[in-house]
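Enquirer: Here is a sequence with its predicted model. Questions after.
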Amino acid sequence: GDTGWMFQLAKSGNNWTYNEILYLGCDQSCPDGAYPMAGLAFDSVGNFYGATTLGGNYGDGTILKFAAGTWDVSISYQFSGLDGDYPAATPLVTSKGQLVGTTPYGGDLQCNCGVVYQITP
């Protein structure tokens, strides 16, 4: 199946510690999403946001939020095709806390050429 991890690396002296936060490995029906292809963005209070290219309720990808300090994960958005499909890039966080980004697919049914999205998590 499609796989991916959200993980943390921490350095203490000359040693590194690896901590697995969330496994994103399953087929397109994965509720949190699957197959993340880009990095994470963070907001002004330390929350992290990332995109998965597949999964969610519609199979078209999700935007995930990882809460500052706890790493609790929640779904900020689920793409459903007309509003975008396969978000493969890191979302950007605006100064107003909104997330903006692009998808290479979705949008107009005839073109399926992608969208520019803006969401408020």
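Expert: The structure has been received and is ready for your questions. Just so you know, these numbers come straight off a predicted model, no measurement behind them.
Enquirer: The strand or helix carrying Ile21 pairs with which strands, parallel or anti?
Expert: Using DSSP states H and E, Ile21 sits within strand 15-23. With DSSP bridges as the test, strand 15-23 is paired with strand 5-12 (antiparallel).
Enquirer: ok, the helix or strand containing Tyr77: who's next to it in the sheet?
Expert: If you go by DSSP H and E, Tyr77 is part of strand 73-78. According to DSSP bridges, strand 73-78 forms sheet pairs with strand 62-66 (antiparallel).
Enquirer: How far off centre is the strand it pairs with?
Expert: A distance of 5 Å separates the centroid of the chain from that of strand 62-66, by C-alpha atoms, centre = their mean, to the nearest Å.
Enquirer: now swap in stretch 43-62 and tell me
Expert: Offset of stretch 43-62 from its chain centre (C-alpha atoms, centre = their mean): 2 Å.
Enquirer: So for that stretch, mean pLDDT?
Expert: Averaging pLDDT along stretch 43-62 gives 93.
Enquirer: All the strands of the chain, in order from the start?
Expert: Applying DSSP state E to the chain gives strands spanning 5-12, 15-23, 41-42, 48-52, 62-66, 73-78, 92-93, 99-103, 115-119.
Enquirer: In contact with the residue nearest to Thr52 when sequence neighbours are not counted, which residues?
Expert: Distances taken as C-beta to C-beta, 6 or more residues apart in numbering place Gly33 nearest to Thr52, at 2.8 Å, with adjacent residues excluded. Where you see a C-beta, it was placed from the backbone N, CA and C, and this is true even at glycine. By C-beta atoms under 8 Å, 6 or more residues apart in numbering, Gly33 lies in contact with Leu24, Ala51, Thr52, Thr53, Leu54, Gly55, Gly56, Gly61, Thr62, Leu64, Ile75.
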